[in-house]
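Chemist: Show me the folded form of this:
(chains A and B, ligands or ions: 2)
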Amino acid sequence: MKTILKQVTILNPEQKLNQKNDLLIEDGIIIRIGNLKESDFKSAEVLDFENKYCVPGLFDMHVHLREPGREDEETIVTGSNAAAAGGFTGIACMPNTNPDIDSAEIVRFIKEKAKNHLVDVYPVAAATLSRKGEALSPMFELFEAGAVAFSDDGVAIKNAEMLRNVLEYSKNFGTPVIEHCEDESMADGVMNEGFISTSLGLPGIPNVAEDLIVMRDIMLSEFTGGKVHIAHISSKNSVELVRQAKKRGINVTAEVAPHHFTLTDESLKSYNTNYKMNPPLRSRADVDAIVAGLKDGTIDCIASDHAPHAIEEKEMEFIYAPNGIIGLETQFGLVMSELVNKKHLSLSQAIEKLSINPRKILNLPVPEIKEGETANLTIIDPDLIWTVDIAKFKSKAKNSPFDKRLLTGKSVAVINNKKIYYESKFRSI
Amino acid sequence: MSLSNRHLLGLNGVPIEDIQLILDTATTFREVLERPIKKVPTLQGKTIVNLFFEDSTRTRISFELAQKRLSADTVNSTSSSSVKKGETFKDTVRNIEAMKVDMIIVRHKSAGVPQYLTRISKANIINAGDGLHEHPTQGLLDMYSIKERLGRLEGLNVCIVGDVAHSRVALSNIYGLKTMGAKVSVCAPATMIPMGIESLGVKIYTNIDEAIKRNDVLNILRIQLERNAGTRIPSLREYHNYFGITSERIEKNNKEILILHPGPINRGVEISSEVADGPYQVILDQVTNGVAVRMAVLYLLGTMH
Ligand SMILES: [Zn+2]
Ligand SMILES: [Zn+2]
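Modeler: Ligands and ions are numbered 1, 2, ... in the order given. Below you'll find the model as predicted:
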């Protein structure tokens, strides 16, 4: 079967590509790039992508799938469907499932469930058994089974000595340790600590709870030489700590979630639990620092921290509601609307942070757009104006604060593993 | 005259006219409370539910008395037992709603629950304390008691002393008093002062003698050991020695001072027995005024169209 992407602008900063061409795909392989002839068009399905961009398939390195354990909230398949709908051809899933991803069986279980999907699913395994911070997980086994990183996400690795061991041990395979940076003793609150939490009467989590662990982790990365990746960075001083660490050549990288550059703690005034997440929404000064960090490369990538919850769990008294929001299907639109259209990032920089850098951090190959390569592509329409509608989400969960929000920029198709997702349907290509 | 909002969720944003109306109406009911038969038929036929997810005998009894004196039918739900059975908060409220209630008085450990109730129920909602947020009828009765004694609120200097960070009384006092033109400050060890409070236009004292000297009114908060005061102050004794209100401190600094306390009192901790029973305080008046103010709020909301 032949498919032609007609007159699409091929953009890949990694290959220094930015050109308008036709692109012929046959059996999932890129056969030809160039201006095709009339005769070529006759024997192929033609998708007219004029004014759209073709980029290496987007990758979200921080996704919570709820399988195994909470399949009522999200499964590996529904989460992958949401990823495809959001423009992603690959995701990394976090280990706080039930049971945790701390054994090779669970890694294999996930890989098996994800096998025939368009979206590639890469498990991140627990760094310590049950993420308790007391004993190392079988990291060699987990790595061999397919884990691409280690993390106790939900919490930071419990203490300095344990993190030291995780970092030393992981040097054997070069995988990063992904850290949820939060000092446990200061993390009792339910929102950002500041004037807003005081006026709402909700217990707060101060910025410094994050900064302390970011600092600890940077110092231990320097000490051990192990790779630390700071997940969902949210505070101004943490951005500065990462900036300085990179200047000193320390092996540290960082990601930010779209809600942390889009929203502030002002949103909580409605006590809507869809604004409750961890780390919490911070202040305007933090948002500004994050945008600056994205601009100057301090923050390497953007990841959703997609966290599905059942409706009845989120519809609860604020202090009892669980943390987290889903993000796979709004992420790209928010990056375009908040960063690219506001001229904080170029489209190329956005693609680096959404496709290239996360794969590099996880030691995965970056898809190339050239003849003979497997087609792993996202087609984006940077000008498409659309309204978020949670009823149309492919995710099982609906816990998004962005419902009804007007966004500019959307993925219109993804192609990977000999499949295409286009016009809300999967089919072979 | 009627209120501008059909719920009383807090004093933040409540206009001066509304507060004035509630305080004036309370004066009328205060007189009713002095009569031999302390009952008026104003809310006959209205059904009010006191939904207390967190125990507070005092506040509940005060509301219940106010309701009975207005001849309303009242029902109490005073435990979180239904929630423990696995029923969600939303289902509990939907159930009560199905029984056709006119008004819900709610107390809950989580801030924001009264707001949430307005989204899932058609009844008038009165906040009887939500988390560390607001307790508006307490704020109103404190203002009523100050006004009753000093004749005005405008221009007064009022200092809230104690664990402001873990109080629902403090914010309601701050919002209400500032609307009425008073100057509000807080005084406590820094561990008990919440972040950013000065952005509400509140001055911070760390020295209690200074606070007594420079204010007309002190509103003394209960030091609640159950709210992990233990990690924020070394001991109740030390708190008493450095922030406790004693006769010596008052006599040394300001004999004109008026002392309020929302109760229950920890004698010998935030306030000495001598002060708690002495001439400077209006603590028991606050309790009586509480019923009158709650009658006023219930009446004004219950007769709104
Ligand atoms: Zn996390
Ligand atoms: Zn996470």
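
Chemist: Please make it C-alpha for all contacts and neighbour counts, starting now.
Modeler: Will do.

Chemist: wait, doesn't A:Gln331 sit right on A:Pro258?
Modeler: Yes: shown here, A:Gln331 and A:Pro258 form a contact pair, counting by CA atoms under 8 Å, at 6.1 Å.

Chemist: Please say which of those two ends up with more neighbours.
Modeler: Comparing A:Gln331 with A:Pro258 by other CA atoms under 10 Å in any protein chain shown, the one with more neighbours is A:Gln331, at 26 against 23.

Chemist: How about the stretch 101-250 of chain B: which residue is closest to ligand 1?
Modeler: Ligand 1 sits closest to B:Ser110 of the stretch 101-250 of chain B, with a gap of 23.4 Å, by CA to the ion.

Chemist: Quick check: neighbours shared by A:Gln331 and A:Pro258?
Modeler: Common neighbours of A:Gln331 and A:Pro258 (criterion: CA atoms under 8 Å, 6 or more residues apart in numbering or on different chains): A:303-304.

Chemist: still on that earlier bit, wait, what's in contact with the residue of the stretch 101-250 of chain B closest to ligand 1?
Modeler: Taking CA under 8 Å, 6+ apart as the test, what B:Ser110 contacts is A:202, A:317-320, B:130-132.

Chemist: Give me the spatial nearest neighbour of whatever residue of chain A ends up closest to chain B, chain neighbours excluded.
Modeler: Chain B sits closest to A:Gly201 of chain A, with a gap of 3.5 Å, by CA to the nearest CA. Nearest non-adjacent residue to A:Gly201, counting by CA to CA, 6 or more residues apart in numbering or on different chains: B:His133, 3.5 Å away.

Chemist: What helix or strand is the one you found located in?
Modeler: Using DSSP states H and E, B:His133 falls within no helix or strand.

Chemist: does it really touch B:Asn173, like I thought?
Modeler: No: counting by CA under 8 Å, B:Asn173 is not a contact partner of B:His133; they are 11.2 Å apart.

Chemist: So which bits of chain B are right by chain A?
Modeler: Contact residues (CA under 8 Å from any CA of the partner chain) of chain B with chain A: B:88-90, B:110-113, B:115-116, B:130-134, B:165, B:168, B:171, B:194-197, B:199.

Chemist: rerun at 10 Å
Modeler: Selection of chain B residues close to chain A by CA under 10 Å from any CA of the partner chain yields B:12, B:88-90, B:108-117, B:130-134, B:164-168, B:171, B:175, B:193-200.

Chemist: where along chain B do the helices fall?
Modeler: Assigned by DSSP state H, chain B shows helices spanning B:16-32, B:57-69, B:81-84, B:89-98, B:113-120, B:136-150, B:169-179, B:208-214, B:236-243, B:247-253, B:273-277, B:283-302.

Chemist: I'd like those helices written out as TSV, with mean neighbour count added.
Modeler: Shown next, in TSV, are the helices of chain B (neighbours: other CA atoms under 10 Å in any protein chain shown):
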stretch	mean neighbour count
helix B:16-32	18
helix B:57-69	20
helix B:81-84	12
helix B:89-98	14
helix B:113-120	18
helix B:136-150	22
helix B:169-179	25
helix B:208-214	20
helix B:236-243	17
helix B:247-253	15
helix B:273-277	17
helix B:283-302	23
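
Chemist: Check the stretch 1-150 of chain B for the residue nearest chain A and tell me.
Modeler: Chain A sits closest to B:His133 of the stretch 1-150 of chain B, with a gap of 3.5 Å, by CA to the nearest CA.

Chemist: ok, now which ones touch that residue?
Modeler: Counting by CA atoms under 10 Å, 6 or more residues apart in numbering or on different chains, B:His133 makes contact with A:197-203, B:9-10, B:109-112, B:165-172.

Chemist: rerun that using 7 Å as the cut-off
Modeler: For B:His133, the contact set (CA atoms under 7 Å, 6 or more residues apart in numbering or on different chains) comprises A:200-202, B:111, B:168, B:171.

Chemist: what does A:Asn416 give?
Modeler: A:89, A:118-119, A:375-377.

Chemist: For it, give its distance to A:Ala292.
Modeler: 33 Å (CA to CA, to the nearest Å).

Chemist: residues of stretch A:25-43 that come out buried?
Modeler: Judged by neighbour count using 16 or more other CA atoms under 10 Å in any protein chain shown, the buried positions of stretch A:25-43 are A:25-33, A:36.

Chemist: Repeat that for stretch A:14-26.
Modeler: A:14, A:20-26.

Chemist: Does anything pack onto the helix ranked longest in chain A? Which helices or strands?
Modeler: In chain A, with assignment by DSSP H, the single longest helix is helix A:207-224. If contacts are counted by 3 or more CA pairs under 7 Å, 6 or more residues apart in numbering or on different chains; DSSP states H and E, helix A:207-224 sits against helix A:160-170, helix A:236-247.

Chemist: I'd like the mean pLDDT over that helix, please.
Modeler: For helix A:207-224, mean pLDDT is 98.

Chemist: and the direction of that helix versus that of helix A:160-170, what angle?
Modeler: Interaxial angle, helix A:207-224 versus helix A:160-170 (axes from the mean of the first three to the mean of the last three CA atoms, to 10 degrees): 50 degrees.

Chemist: and the very next helix or strand once past helix A:207-224, what other elements does it pack with?
Modeler: From helix A:207-224 onward toward the C-terminus, using DSSP H and E, the following helix or strand is strand A:228-230. In this structure, strand A:228-230 makes packing contacts with strand A:177-179, strand A:252-256, judged by 3+ CA pairs under 7 Å, 6+ apart.

Chemist: Go again with 8 Å.
Modeler: Packing partners of strand A:228-230 (3 or more CA pairs under 8 Å, 6 or more residues apart in numbering or on different chains; DSSP states H and E): strand A:177-179, helix A:207-224, strand A:252-256.
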